[in-house]
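Peer 1: Sequence plus predicted model, see below.
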Amino acid sequence: MPKLNQNRPTESAELTRRGLLQAGALASLGLTFPQLLRVEAVAQRRVDRKPGDKRAAANTIKPTAKSCILFFMEGGPPHIDLWDMKPEAPENVRGIYKPIATSLPGFYVCEHLPRLSRVMQHMSVVRSVTHTFVDHNASSYLMLTGQNPLRESQLIRGPSPENAPPFGSVLAKFRPTGQPLPDYVHLPRRMFNCGHFIPGVLAGFLGDEYDPFIAGDPSISDYKVPGLDRRLSEAHFLQRRRLLSQIDLGFDQSRNCRALARKDIFYEKAFSLITTPQARQAFRLTDEPQRIRRRYGLAKHVAGVRGKGLPHLGQSMLLARRLVEAGVRLVTIWAGGQAFDGHRDHFHSLTNGLCPPTDQALSALIEDLAERGMLEETLVVTMGEFGRTPKLGQITSSAGATPDGRDHWPHCYTILFAGGGLKAGHVFGKSDRLASYPEENPVSPQDVAATIYTALGVNPHTRIYDHFNRPHTLADGRPIRELFA
């Protein structure tokens, strides 16, 4: 039985506090950090690497990356149409696209990815990722945490304090930079599906202080970063902080020093972000030359396409480059709107709305990082929650598929790595002749998670503990050693 927190404030105190907050004590600061709204965060979690744990001791691969940019192709990108093409397969499998050669000898991609074809020499391609969950939300959780998406036989389909933490939250805890910028940033906004904020983004049982900073859509013309666009002097902020300290002193005099100290950390983070020029500059896309902004791709909405043609993608990837350049540990960029969920109008959406911005933005990111000498220390991960059915019109979920559509397919799909010290120009794993199942070297989502953690200097077999003191392994898989130089 977990112990009750004897130092928790009374309900009346909490209501009074809430009243003051609503009256404007914090709102006048323009602070939007979730940390400031959740000062009653859960107790610090213990970390335990048990002596004699062979799995922990076996992790001898040298870390290679300082930061990570993760492009999550929400909805499930069609591996067989993009980068695991089967031109010799029957017509109802291979689809309508032609493969084109790339800068990686012997490797082909879709004809609608010409720019990516020219940077494939920087990539490591894994073509044999496999699992069994066809639900978008549960599969996203699996891929972003490396944890089983079942709790008491129910799929994990939304955020919960009981959820395992994603990569960004883990890095924020175990590899914090100690700088004013947040360690974990999410772009462009909260993503929902079937009424749920998709799990695998918030920190779960690791604690609210490790939630991402959700920075908004940088492609809009009047983009303002939440909490950073206030034209107030630092002296004004400091004055407001002293006021907050006085308010808190009255409420918290009966609380222990540890709770006060931890809440002070939240305030310090928020005030540092607001008052530090480094933070403001990192988010200021207007400092980028217009030719660079055009290189990544400016906002362009495409009617009749899921995700509206990914109008945010180019500027989100450019902002991600600026953030890791400034020292942010991990940035996630989501396609949004279940953009790659190609149940119907599949090829129309890919040709006109999804392939062009993906091709432009992702290739620009890889080239830009390489030209700046940043690719070697920045791991770029491109993945979705699963792939699409090998056969057109094949039905595997309740959403179904039209004769020219592809349904959910988790049994075999492709993810891409670039940079971060991993091998360049390497292909690992192989699918069968229909891209249905792995033929060589199957890779689990837990293996993917272990690979990402290992590259970023976190032992994937580190033990963390939830609210009930139950132990969890970060990623109970094996890093793909063949990807490490």
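Peer 2: Received the coordinates, thanks. Numbers count the residues shown, from 1 in each chain.
Peer 1: Helices of the stretch 201-350 of the chain, residue ranges please.
Peer 2: Under the criterion DSSP state H, counting those that start in this stretch, helices of the stretch 201-350 of the chain are mapped to 234-252, 257-275, 277-283, 290-296, 313-326, 346-349.
Peer 1: what's the fourth one packed up against?
Peer 2: Spelled out, that is helix 290-296. On a contact count with 3 or more C-beta pairs under 8 Å, 6 or more residues apart in numbering; DSSP states H and E, helix 290-296 meets helix 313-326, helix 355-371. Bear in mind the C-beta positions are built from the backbone N, C-alpha and C, glycine included.
Peer 1: right, so of those helices, which gets closest to residue 112?
Peer 2: helix 355-371 (3.9 Å; C-beta to C-beta).
Peer 1: Can you report the mean pLDDT over the residues of the closest one?
Peer 2: Helix 355-371 shows a mean pLDDT of 98.
Peer 1: Contacts only, for the residue nearest the centre of the chain.
Peer 2: Most central in the chain under C-alpha atoms, centre = their mean is residue 332, positioned 3.3 Å from the mean C-alpha point. Counting by C-beta atoms under 8 Å, 6 or more residues apart in numbering, residue 332 touches 70, 72, 166, 168, 185, 186, 187, 201, 212.
Peer 1: Make TSV out of those and add secondary structure and pLDDT.
Peer 2: Output for the contacts of residue 332, formatted as TSV (DSSP: H, G, I helix; E, B strand; the rest coil; pLDDT from 0 to 100):
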residue	secondary structure	pLDDT
70	strand	98
72	strand	98
166	coil	98
168	helix	98
185	strand	96
186	strand	97
187	strand	97
201	coil	97
212	coil	94
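Peer 1: And those, which is closest to residue 307?
Peer 2: The shortest approach to residue 307 among these belongs to residue 72, at 12.2 Å (C-beta to C-beta).
Peer 1: what about residue 281, how many neighbours?
Peer 2: Residue 281 is flanked by 11 other residues according to other C-beta atoms under 10 Å.
Peer 1: sorry, back to before: most neighbours, which of the contacts of residue 332?
Peer 2: Most crowded among the contacts of residue 332, counting by other C-beta under 10 Å, is residue 166 at 31 neighbours.
Peer 1: Report the separation between residue 317 and residue 297.
Peer 2: Distance, residue 317 to residue 297, by C-beta to C-beta, to the nearest Å: 8 Å.
Peer 1: more neighbours, those two?
Peer 2: Under the criterion of other C-beta under 10 Å, the comparison of residue 317 against residue 297 puts residue 317 first, with 28 against 25.
Peer 1: Can you get me the start-to-end distance on stretch 75-87?
Peer 2: Start-to-end span of stretch 75-87 (C-alpha to C-alpha, to the nearest Å) is 24 Å.
Peer 1: My error: substitute stretch 446-463 in the last question.
Peer 2: The first residue of stretch 446-463 is 15 Å away from its last residue (C-alpha to C-alpha).
Peer 1: Could I get the average pLDDT for that stretch?
Peer 2: Mean predicted lDDT for stretch 446-463 stands at 97.
Peer 1: And it, what's buried?
Peer 2: 446-456, 458-463 (16 or more other C-beta atoms under 10 Å).
Peer 1: Any stretches of the chain with poor pLDDT?
Peer 2: Scanning the chain for pLDDT under 70 picks out 1-59, 227-275.
Peer 1: switch the cut-off to 90
Peer 2: 1-64, 178-180, 192, 194-195, 222, 224-280, 485 (pLDDT under 90).
Peer 1: now the helices for the stretch 1-150 of the chain?
Peer 2: Under DSSP H, counting those that start in this stretch, the stretch 1-150 of the chain gives helices at 11-23, 34-37, 54-57, 79-82, 91-94, 114-117, 136-145.
Peer 1: Can you report how many residues neighbour the closest residue in space to residue 74 that isn't next to it in sequence?
Peer 2: Spatial nearest neighbour of residue 74, chain neighbours left out: residue 335 (4.5 Å); criterion: C-beta to C-beta, 6 or more residues apart in numbering. Residue 335 sits with 25 neighbouring residues when counted by other C-beta under 10 Å.
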